[in-house]
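*Asks:* my questions are about this predicted structure, shown below with the sequence.
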Amino acid sequence: MPTTEATDVAPWALLTPKQAAARLAISPRKLWALTESGEITATRIGRCVRYSQPSLAEFVERNSR
């Protein structure tokens with residue numbers, strides 16, 4: 001069975017909320033709050049929410065200063 005760890009994802013792949021939260025070392029609830037406030041952008045595919053690795057990196061860069 002394939003693993004779903006965030007570190008095992010191709011750089012171009014969209015991450016699930018669980019994977020994105022793990023990548024940022026935050027809870028899925030905090031990730032959702034950041035998404036709702038517009039601080040992190042998400043892609044919606046039907047009812048699914050996915051995160052691009054570049055959008056997560058942008059968030060980290062903006063908040064690292």
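*Replies:* Alright, I've got the coordinates.
*Asks:* and the top strand by length along the chain, which strands flank it?
*Replies:* Taking DSSP state E as the criterion, the chain has its longest strand at strand 48-52. Using DSSP bridges, strand 48-52 pairs in its sheet with strand 14-15 (antiparallel), strand 43-45 (antiparallel).
*Asks:* list the contacts for residue 52?
*Replies:* Residues in contact with residue 52 (CB atoms under 8 Å, 6 or more residues apart in numbering) are 14-15, 41, 43. C-beta here means a position set from N, CA and C on the backbone, and glycine is covered the same way.
*Asks:* with residue 35 instead?
*Replies:* For residue 35, the contacting residues are 41-42, 49, by CB under 8 Å, 6+ apart.
*Asks:* any chance of those in JSON lines, with pLDDT too?
*Replies:* Output for the contacts of residue 35, formatted as JSON lines (pLDDT from 0 to 100):
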{"residue": "41", "pLDDT": "96"}
{"residue": "42", "pLDDT": "97"}
{"residue": "49", "pLDDT": "97"}
